[in-house]
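*Asks:* Pasting a predicted model and its sequence here:
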Amino acid sequence: MKNIQKIFILFFLFTLNQINFSQNPLFPIPLSERIANYDISVTLDTLEHKLVGREILHWKNTSTDKIYELRFHLYLNAFKNNRSTFMIESGGIHRGFGNKKNIWGWNKITSMKILDGEDLTNNIEFIQPDDTNSFDQSVIRVPLSKPLYPNEEIKLEIKFISKLPNIFARTGFSKDFYLIGQWFPKIGVYNSAEKLNAETGQWNCHQFHLNSEFFADFGDYNVDITLPDKFIVGATGLLEYEKLNDDGTKFLRYHAEDVIDFAWTAYPRYLSKEKEWEHVKVKVLLPPEHFMHADRYLESAVASLKYLDENVGKYPYPNLTIVDPPYTAMGSGGMEYPTFITGMSLWNLPSNFKLIEIVTVHEFAHNYFMGMLASNEFEEPWLDEGFTQYFETKIMDATYGEKKSFLDVWGYHFGDFEMTRSGYVGMKNPSISSNSPFSWQFPSGSYGVLTYNKTATWLTTLERMIGSDTMTEIMKTYFERWSFKHPTGKDFINIVNEVVSKNLGTKFGNNMDWFFDEVLYGSGVCDYKVERVRNKLTNNEEGFLNDSLLTKIDDKLENEKQNYNSEVVIHRVGDVKLPVEVLIHFNNGEEILEFWNGQERTKTFQYKNGSRIEWVKLDPKNKIILDVNIANNSYTVIPKTTVVNKYVVKFLFWIENTMLTFGMLF
């Protein structure tokens, strides 16, 4: 009997160890509140391209409110028909790729019930919180028969089927390649009345829009995957267990902690390569025809890890998986999930065109802003995409050179920040919108440039105004204080004000709110111009020497020192008001650096001395890089360039914009 008891106990402990990963946590102390926790079992049907799944959702009401309903995202329903909000906004095209084969995708919940309790399936109702489009079924509400009280937890069992579309908007399948994202019923984020400073709280559970991605609470994910054994799999988190089944399938178990999402890929042709950096194992999965690029992926990922570790904060996870999709599935490239990103390459892509590196750096940086800070990209996309673009340019320029980090071919070279800035300043109408609308509210065609390029440009302007050390302290403080807590834009601005005040006092006023009013919440453009420079020759005395009117003073002073009355006129052409420096150079080598607060439309500087002004340069240290036209920032009284030079510069400018347009497709 005792032996039977021992065997039973050993079997129980073994089973518990296989099922409950919390017995062997990645992080002894949770990094987040772990509000939304998922245990998912899913089987991939490669004939029908379907996922048949069951999830146990453990969700906790951490607010001070009583909650009477739950809301969920069903993201794949954005691809259910051509009249969903996503399809209407996109016109059926995403980043140049479309669902050409009209293979639709969808989520269907077949059962939802409180675990060991009430069946909620018939309570499910499709809603459209953002518009009145009844054909959109990407959000559901589920009323509860009794409220969920503060600090109370609910456990739901949800059975679902997910049909994958042909690769579109970075999810789906292409032949035997699968990139599986946005694939399971996912609970929204509840904002309490206290947090909203309102009488009642509300769910933050937006529909799936063209220009938005995902916002979710942190939690632990335990995901069991069954699929044909020929497939090689990569996923969020760590592979904990794998076994082959007798029916030609295999079983995989993944575990991730303190993440906001879970995505995975399956493909029988993957080759892999790994590299370790400190505590992080970086793995890249590539089709054989792209394996030549493995080192480029790994090196750029490690460069990102190092830079962000030094300048923002520690990457806590033990792994990072990079997926390089095959050519037929390029629509799944350039996407970010926690510890799991997709890159983009082409066969034999030359190393002097840094597409692979740029995409890798950008998508990994998302793991800080989308992943660990987890700001709301639906409502404040600049906090994720803009910050990510800013750090992409910082990492690329630091790693590959400021002038070569985008392209270096045939004597032409462009840096990543150069290209980012030129995308904004080359915009046809940069004043069409501010940076601050919800992601789907931007005027058509403006979201990408204003959210990515403009934000990165004004963040660089801020850095150059306050100094790189102060900017680094801001970013480190922001990450340390707000990681795993869903910060808002106001939270970031408060950090800026705090650190700038501590380091620089009142150099820029009592706070930096005025800066954000101009560049973030305002729609104006920044453009300063040297309007004119004048030098007027004058003598110390004028007129006649005596009353007889016989001798003019001018005749007597031919050998005496002459003076000049000189003036510089600066115009603020744009509406954005930023302080600017003005460097004035005289013909005797003397230079004067003036400071103008930029508030008026015009500023005049006047001088009277024995030297004349030769040239003037606005913003000589290129701090105000947000200025949309730096060509009018200088003026010389002795032109040193020819008309031909002028048009060559214009030609190169348009070359830059053409290259940027090509790059933005990815």
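*Replies:* That came through fine. Numbering: from 1, shown residues only.
*Asks:* Start from the N-terminal end of the stretch 251-400 of the chain and give the strands.
*Replies:* Taking DSSP state E, counting those that start in this stretch to define them, one finds strands in the stretch 251-400 of the chain at 264-267, 271-277, 280-286, 319-323, 335-337, 340-342.
*Asks:* can you tell which of those is closest to residue 63?
*Replies:* Relative to residue 63, the nearest member of these by CB to CB is strand 335-337, separated by 26.6 Å. The way it works is simple: take the backbone N, C-alpha and C, and place the C-beta from them, glycine included.
*Asks:* For the closest residue to residue 416 other than its chain neighbours, give its distance to residue 95.
*Replies:* In this structure, residue 416 finds its nearest non-sequential neighbour in residue 396, 3.8 Å apart by CB to CB, 6 or more residues apart in numbering. As for residue 396, its distance to residue 95 is 20 Å (criterion: CB to CB, to the nearest Å).
*Asks:* And these two? Which one has more around it.
*Replies:* Here residue 396 and residue 95 are set side by side on neighbour count (other CB atoms under 10 Å), and the busier one is residue 396, at 28 against 17.
*Asks:* Touching, the more buried one and residue 360? I think so.
*Replies:* No - with the criterion set as CB atoms under 8 Å, residue 396 and residue 360 do not qualify as a contacting pair; they are 10.1 Å apart.
*Asks:* In contact with the residue positioned nearest the centre of the chain, which residues?
*Replies:* Per CA atoms, centre = their mean, the C-alpha nearest to the average position across the chain is that of residue 385, at 1.9 Å. The contact partners of residue 385, by CB atoms under 8 Å, 6 or more residues apart in numbering, come to 377, 451, 452, 455.
*Asks:* Can you check the pLDDT for the residue nearest to the first one when sequence neighbours are not counted?
*Replies:* On the basis of CB to CB, 6+ apart, the spatially nearest residue to residue 377 that is not a chain neighbour turns out to be residue 384, at 4.6 Å. With respect to pLDDT, residue 384 has a value of 96.
*Asks:* burial of residue 384, as a residue count?
*Replies:* Around residue 384 sit 27 other residues, with neighbours defined as other CB under 10 Å.
*Asks:* Quick check on residue 62: phi, psi?
*Replies:* Here the main-chain torsion angles of residue 62 (degrees, to the nearest 10) amount to phi -90, psi 0.
*Asks:* Return the residues in contact with it.
*Replies:* For residue 62, the set of contacting residues under the criterion of CB under 8 Å, 6+ apart consists of 33, 35, 150, 151, 192.
*Asks:* what's the neighbour count on the second one?
*Replies:* So the one you mean is residue 35. Here the neighbour count serves as a burial measure; for residue 35 (other CB under 10 Å) it reads 19.
*Asks:* what are the ranges of the helices in the chain?
*Replies:* If you assign secondary structure with DSSP state H, the helices in the chain sit at 2-19, 85-90, 193-196, 294-311, 355-366, 385-400, 416-425, 447-448, 455-466, 468-482, 489-504, 513-519, 553-556, 643-664.
*Asks:* Which one, of those, ends up nearest to residue 168?
*Replies:* Ranking the helices of the chain by proximity to residue 168 (CB to CB) places helix 85-90 first, at 9.3 Å.
*Asks:* so where's the chain shaky on pLDDT?
*Replies:* Judged by pLDDT under 70, the chain has its weakly predicted residues at 1-24, 96, 99-101, 539-561, 639-666.
*Asks:* Tell me which of the helices of the chain sits most buried.
*Replies:* helix 355-366 (a mean of 26; mean count of other CB atoms under 10 Å).
*Asks:* Just name whatever secondary elements that one is in contact with.
*Replies:* Helices and strands touching helix 355-366, by 3 or more CB pairs under 8 Å, 6 or more residues apart in numbering; DSSP states H and E, are helix 294-311, strand 335-337, strand 340-342, helix 385-400.
*Asks:* Please enumerate residues in contact with that helix?
*Replies:* Under the contact criterion CB under 8 Å, 6+ apart, helix 355-366 has outside partners 293, 296-297, 299-301, 303-305, 308, 320, 322, 333-336, 341-346, 349, 384, 387-389, 391-392, 395-396, 399-400, 405-406, 416, 663, 666.
*Asks:* Residue 269 touches residue 288, doesn't it?
*Replies:* Yes - counting by CB under 8 Å, residue 288 is a contact partner of residue 269 at 6.2 Å.
*Asks:* Residue 328: what's its closest spatial neighbour, skipping adjacent residues?
*Replies:* Here the nearest residue to residue 328 in space, its sequence neighbours aside, is residue 174; by CB to CB, 6+ apart that works out to 4.6 Å.
*Asks:* Burial check on residue 199, number of neighbours?
*Replies:* The burial metric for residue 199, expressed as a neighbour count using other CB under 10 Å, is 6.
*Asks:* residues in contact with residue 280?
*Replies:* For residue 280, the contacting residues are 305, 315, 317, 318, 319, 320, taking CB under 8 Å, 6+ apart as the criterion.
*Asks:* How about the contacts made by residue 267?
*Replies:* If a contact means CB under 8 Å, 6+ apart, then residue 267 has 176, 177, 178, 231, 232, 285, 287, 326 as its contacts.
*Asks:* Check the burial of the third one by counting its neighbours.
*Replies:* It stands for residue 178. Using other CB under 10 Å, residue 178 is surrounded by 25 other residues.
*Asks:* so it bridges to which residues?
*Replies:* For residue 178, the beta-bridge assignment (DSSP bridges) gives partners residue 173, residue 266.
*Asks:* ok, it touching residue 44?
*Replies:* Yes - under the criterion of CB under 8 Å, residue 178 is in contact with residue 44, at a separation of 7.0 Å.
*Asks:* any common contacting residues for those two?
*Replies:* Between them, residue 178 and residue 44 share the contacting residues 231, 266, judged by CB under 8 Å, 6+ apart.
*Asks:* The nearest residue to residue 397 once chain neighbours are set aside and residue 364: what is the separation?
*Replies:* Leaving out its chain neighbours, the residue that sits closest to residue 397 by CB to CB, 6+ apart is residue 405, at 5.0 Å. In this view, residue 405 and residue 364 are 16 Å apart by CB to CB.
*Asks:* Equivalent analysis for residue 352, please.
*Replies:* The value you get for residue 352 to residue 364, if CB to CB is used, is 22 Å.
*Asks:* again with residue 48
*Replies:* 34 Å.
*Asks:* on that earlier part again, would you turn the contacts of residue 280 into TSV with distance to residue 435?
*Replies:* Conversion of the contacts of residue 280 to TSV gives the following (distance: CB to CB, whole Å):
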residue	distance to residue 435
305	28
315	27
317	30
318	35
319	34
320	29
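*Asks:* And those residues, which of them are buried?
*Replies:* Among the contacts of residue 280, the ones that count as buried by 16 or more other CB atoms under 10 Å are 305, 315, 317, 319, 320.
*Asks:* residues contacting the spatially closest residue to residue 442 that is not a sequence neighbour?
*Replies:* Closest residue in space to residue 442, ignoring its immediate chain neighbours: residue 433 at 5.6 Å, by CB to CB, 6+ apart. Shown here is residue 433, whose contacts under the criterion CB under 8 Å, 6+ apart are 442, 443, 446, 450, 523.
*Asks:* For residue 292, see how far away the spatially closest residue to residue 341 that is not a sequence neighbour is.
*Replies:* Using CB to CB, 6+ apart and skipping the chain neighbours, the partner closest in space to residue 341 is residue 363 (3.8 Å). In this structure, residue 363 and residue 292 are separated by 20 Å, where distance is defined by CB to CB.
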